[in-house]
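> Sequence and predicted structure are below.
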Amino acid sequence: MQEEVEQRVVTLIVNCSKLTEQELRKALSKFLAQMKAHHQTKQPHGKMTVKKLAAQNRGLQSVEVTDQNIGSFNRIARKYGIDFAPFKAKGQDRYLIFFKSQDADAMTAAFKEYTEQIVNKKSRPSVLAKLQQFKALIQSAVVDRTKKKELER
């Protein structure tokens, strides 16, 4: 049973007297149409447009963010299962993030984790700066590499 679930087996039952190429094609096209219809009935999750989020008929709330790298918030929002829609205010360097009112607690937890991540990134030293430091250290410490042959007795 577990092996079948891991391999994602699909069982297709066709009732016909003789299975021809045309019958198989019809059955597969009906199956694909049904899968597509099932996929379209699902509500989208995660990042979406404001119009799609408002169409879900749930109360919207918004939070103002001034960070330019709002795309990195997407990973954390997926982790918390938040449906959100970023909207950039025209002519300004700020974003409004709309989310459903039922996601308010998850949204505060996600923003808390996101701000901790940003603070930790700023407190870490730059790898490129360290590399430049080590390059300068190596350049300044020139080692005399000439071989001196002396006989000791």
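That came through fine.
> centroid residue for this protein?
Here the mean C-alpha position of the chain is nearest to the C-alpha of Arg75 (C-alpha atoms, centre = their mean), at a distance of 4.0 Å.
> Look up how far Ala109 lies from that one.
14 Å (C-beta to C-beta, to the nearest Å). Quick note: C-beta positions are derived from backbone N, CA and C, even for glycine.
> Ok, Cys16 next?
Cys16 sits at a distance of 54 Å from Ala109 (criterion: C-beta to C-beta).
> Of those two, which one has the most company?
When Cys16 and Ala109 are compared on other C-beta atoms under 10 Å, the one with more neighbours turns out to be Ala109, at 14 against 10.
> State whether the more buried one is indeed within a helix.
Yes: in this structure, Ala109 lies within a helix as judged by DSSP: H, G, I helix; E, B strand; the rest coil.
> Thought Ile82 was touching it, still the case?
No: no contact is recorded between Ala109 and Ile82 when judged using C-beta atoms under 8 Å, the distance being 9.3 Å.
> where does the chain have low pLDDT?
In the predicted model of the chain, residues 1-9, 41-43, 67-69, 101, 142-145, 153 satisfy pLDDT under 70.
> care to break it down by domain?
Under automatic domain parsing, the residue ranges defining each domain of the chain are 2-41, 50-124.
> which residue ranges form the strands in this structure?
Ranges of strands in the chain, per DSSP state E, are 60-65, 84-88, 95-100.
> Run a quick neighbour tally on Asp93.
Using other C-beta under 10 Å, Asp93 has 9 neighbouring residues.
> which non-adjacent residue is nearest it?
When the adjacent residues along the chain are set aside, Asp93 lies closest to Thr66, with 6.3 Å between them (C-beta to C-beta, 6 or more residues apart in numbering).
> Could you pull up the residues touching that neighbour?
For Thr66, the residues meeting the contact criterion (C-beta atoms under 8 Å, 6 or more residues apart in numbering) are Asp93, Arg94, Tyr95.
> I'd like to know how far the residue nearest to the centre of the chain sits from Gly46.
Applying C-beta to C-beta to Arg75 and Gly46 gives a distance of 10 Å.
> likewise Ala109?
Look at Ala109 and Gly46: by C-beta to C-beta, they are 16 Å apart.
> before we move on, what about Ala110?
Ala110 sits 12 Å away from Gly46, taking C-beta to C-beta as the criterion.
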